[in-house]
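In: heads up, no residue letters with this:
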Ligand code: FES
Ligand SMILES: [Fe+2]
C-alpha cells in the first residue's frame, strides 16, 4: 500500500461514514447450504481450487535461517515440509522418506536442522532435499541411485514474503501471482521481516468458507464480538477490494479513524486507524493489527472440518537485539491470547452453523447488501469452481 492509496482508503471510509453507508452489493444473495456440507462439493473444491491453484501456505520468515523447517499437515493427508536451504532458498517438500515413506518430522514441528534423518532406517536428507546418506546403501540397494532419491519437491515460490505452493507438481507458481497492489501491501506490512512469536493449531468442525466468511464482514461485530471488538470499531462499516481470484483486502475501520479530519494528513496511519484483513488463495488469512499480524492458515480437511493454525507475527526486538524485552513479550503474549479469544467467538458460531446445516432444517442462507464481501467470495468461488449458475438458488 503506497501512501496515496493509504490516504485514499481512509478518505473512502470517512465518506461512507458521513453518508451512513458501507460498501454495498446491489442485491441480496441467497445460497443453498449444499456447498458447505456436501462431500461432492468438497471433492470438486479440491480438484478445482486446492489442487488446481497455487496455495499460500505461510510466511517465508517462518523459516528465517538456513536449515529452519516447519512441517504442515496439509490437504488429503499430504504432509508438507517447508525448509530454508543452505543456499537461503525456501523449498517445500513432501515430508515423506523415499525409502519406505516414513514421515521425517512430526506435523506441526519446527526447528533448525542441518540434516533430516528418517526415524525408521536413518536415510538422511540435506536441507535442499538431496539424499546425503543411507546406512549400508551400496550393499542393500545396488540398483538404486541416490541422486534420484531426494525428497519430492512441490513447485513453490516466495512472493511478497508469502510462500505459495502448487500441489500439482506439473504446474508452476507464476511469478506474477500477486497483483501489484497486493504485493505493495505485503511490503507495507513488512511481511519479509516479520518474526514468529508463537503458533497455535487446532481443528474446527466447520466448512472453510464459513470460517473465511466470519473474517470479511463487520455486520456481526456488535453482536458476536460485543465485549472484544465492538468497543473499538465503527460497527457495520467496512470496505474491501478484490485482486483477482480468491485474493482480497478488507478494511475494518476503528474509532480513531474518526479523528482523521482533525489531524494533518501526514499523521494518518491506516495500521492505527483500522484492522486490515487479507485473503490469500484462500488458505491464508492475514489480520494486521497495530503491533502484530496474525497469519491464519486454513487447511480444509473435510466439508465440515478445517484445521486452523494461528501464527502471531511481530516485529523484531525494538532494541535491535536478538531477544524481545520483558515488556514486548508481555504485549505479544496478550495479543496472541486476544486474537485466539476473538477467533474462538467466531469458530464456536461456525460450528453451530455447520451442525445446523447438516441437520437440513434451514437449507438456505442469505447475504445482506452490507455483507458484500461474502457476495464477492461466492461469485469468485463459483467462477473458479466452474459451477453452472442454475444449480444455485438466487434472488434479487
Ligand atoms: S522409511 Fe525412511 S529410512 Fe526407511
Ligand atoms: Fe468475527
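Out: The structure has been received and is ready for your questions. Computed from a predicted model, the values in this text were never measured in an experiment. Residues are numbered from 1 along each chain as shown. Ligands and ions are numbered 1, 2, ... in the order given.
In: does the residue of the stretch 101-250 of the chain found nearest ligand 2 belong to a helix, a strand or coil?
Out: Of all residues in the stretch 101-250 of the chain, residue 214 sits closest to ligand 2, at 4.5 Å by CB to the ion. (Each C-beta comes from the backbone N, C-alpha and C, glycine too.) Put simply, residue 214 is helix when judged by DSSP: H, G, I helix; E, B strand; the rest coil.
In: which secondary structure element contains residue 168?
Out: Following DSSP states H and E, there is no helix or strand that holds residue 168.
In: for it, grab the count of nearby residues.
Out: Neighbour count for residue 168, taken as other CB atoms under 10 Å: 13.
In: what's the answer for residue 118, then?
Out: 21.
In: so it touches residue 104, yeah?
Out: Yes. Counting by CB atoms under 8 Å, residue 118 sits close enough to residue 104 to count as a contact (5.7 Å).
In: so what sits opposite the spatially most central residue of the chain in the bridge?
Out: Compute the mean C-alpha point of the chain, and by CA atoms, centre = their mean the closest residue is residue 284, 1.0 Å away. Here residue 284 sits in beta bridges with residue 280, residue 297, as judged by DSSP bridges.
In: and it, how far is that from residue 133?
Out: Look at residue 284 and residue 133: by CB to CB, to the nearest Å, they are 35 Å apart.
In: so who does residue 291 touch?
Out: By CB atoms under 8 Å, 6 or more residues apart in numbering, the contact set of residue 291 is 314, 315, 331, 332, 335.
In: meant to ask about residue 175
Out: Residue 175 neighbours (CB under 8 Å, 6+ apart): 157, 159.
In: need the pLDDT of it.
Out: On pLDDT, residue 175 comes in at 97.
In: over to the one 3 residues further on?
Out: In this model, residue 178 is scored at 97, pLDDT.
In: got the buried residues for whichever helix or strand residue 330 is part of?
Out: Using DSSP H and E, residue 330 sits within helix 326-359. Neighbour-count burial for helix 326-359, counted by 16 or more other CB atoms under 10 Å, picks out 328, 331-332, 335-336, 338-340, 342-343, 345-347, 349-351, 353-354, 357.
In: wait, the residue nearest to the centre of the chain touches residue 293, no?
Out: No. Assessed by CB under 8 Å, residue 284 is found out of contact with residue 293, at 11.0 Å.
In: mind listing what's buried in stretch 96-112?
Out: Buried, per 16+ other CB under 10 Å, within stretch 96-112: 96, 97, 98, 99, 103, 104, 105, 107.
In: does it reach ligand 1?
Out: Yes. Stretch 96-112 comes into contact with ligand 1 (CB under 6 Å from any ligand atom), by way of 97, 99, 100, 102.
In: which one of the contacts of residue 291 is nearest to ligand 1?
Out: Lowest distance from ligand 1 to those (CB to the nearest ligand atom) belongs to residue 314, with 36.6 Å.
In: and that closest one, how close does it get to residue 195?
Out: For residue 314, the distance to residue 195 - CB to CB - is 6 Å.
In: neighbour-wise, which of those two wins?
Out: residue 314 (20 against 16).
In: from residue 138, how far off is that one?
Out: Residue 314 is 49 Å from residue 138, by CB to CB.
In: ligand 1 versus the residue nearest to the centre of the chain, what's the distance?
Out: 30 Å (CB to the nearest ligand atom, to the nearest Å).
In: contacting residues around that residue?
Out: 56, 57, 58, 162, 278, 295, 296, 297, 298.
In: can you name every helix or strand that the helix or strand harbouring the second one contacts?
Out: Remark: residue 57 resides in strand 55-59, with elements defined by DSSP H and E. Strand 55-59 is packed against strand 68-73, strand 79-84, strand 162-165, strand 284-289, strand 292-302, strand 305-314, with contacts defined by 3 or more CB pairs under 8 Å, 6 or more residues apart in numbering; DSSP states H and E.
In: can we see that at 7 Å?
Out: Using 3 or more CB pairs under 7 Å, 6 or more residues apart in numbering; DSSP states H and E, the elements in contact with strand 55-59 are strand 79-84, strand 162-165, strand 292-302.
In: which of the contacts of residue 291 sit farthest apart?
Out: For those, the maximum inter-member distance is 12.1 Å, found between 315 and 335 (CB to CB).
In: ok, and of the buried residues of helix 326-359, which contact ligand 2?
Out: residue 346 (CB under 5 Å from the ion).
In: for residue 24, helix, strand, or coil?
Out: coil.
In: in the stretch 51-200 of the chain, where is pLDDT below threshold?
Out: Along the stretch 51-200 of the chain, no part satisfies pLDDT under 70.
In: residues in it within reach of ligand 1, list them.
Out: 97, 99, 100, 102, 118, 120, 121, 122, 123.
In: pretty sure residue 218 contacts residue 254?
Out: No. Contact between residue 218 and residue 254 fails when scored by CB atoms under 7 Å: they sit 10.9 Å apart.
In: of those two, which one has the most company?
Out: residue 218 (25 against 17).
In: residues in contact with the residue lying closest to that one once chain neighbours are set aside?
Out: Among residues not flanking residue 218 along the chain, residue 238 sits closest, at 4.4 Å (CB to CB, 6 or more residues apart in numbering). Neighbouring residues of residue 238 by CB atoms under 7 Å, 6 or more residues apart in numbering: 22, 23, 217, 218, 250, 251, 252.
In: can you tell which of the helices and strands packed on strand 55-59 is closest to ligand 2?
Out: Of all the helices and strands packed on strand 55-59, strand 292-302 comes closest under CB to the ion, at 11.7 Å.
In: by contact count, what packs against the closest one?
Out: strand 55-59, helix 208-215, strand 284-289, strand 305-314, helix 326-359.
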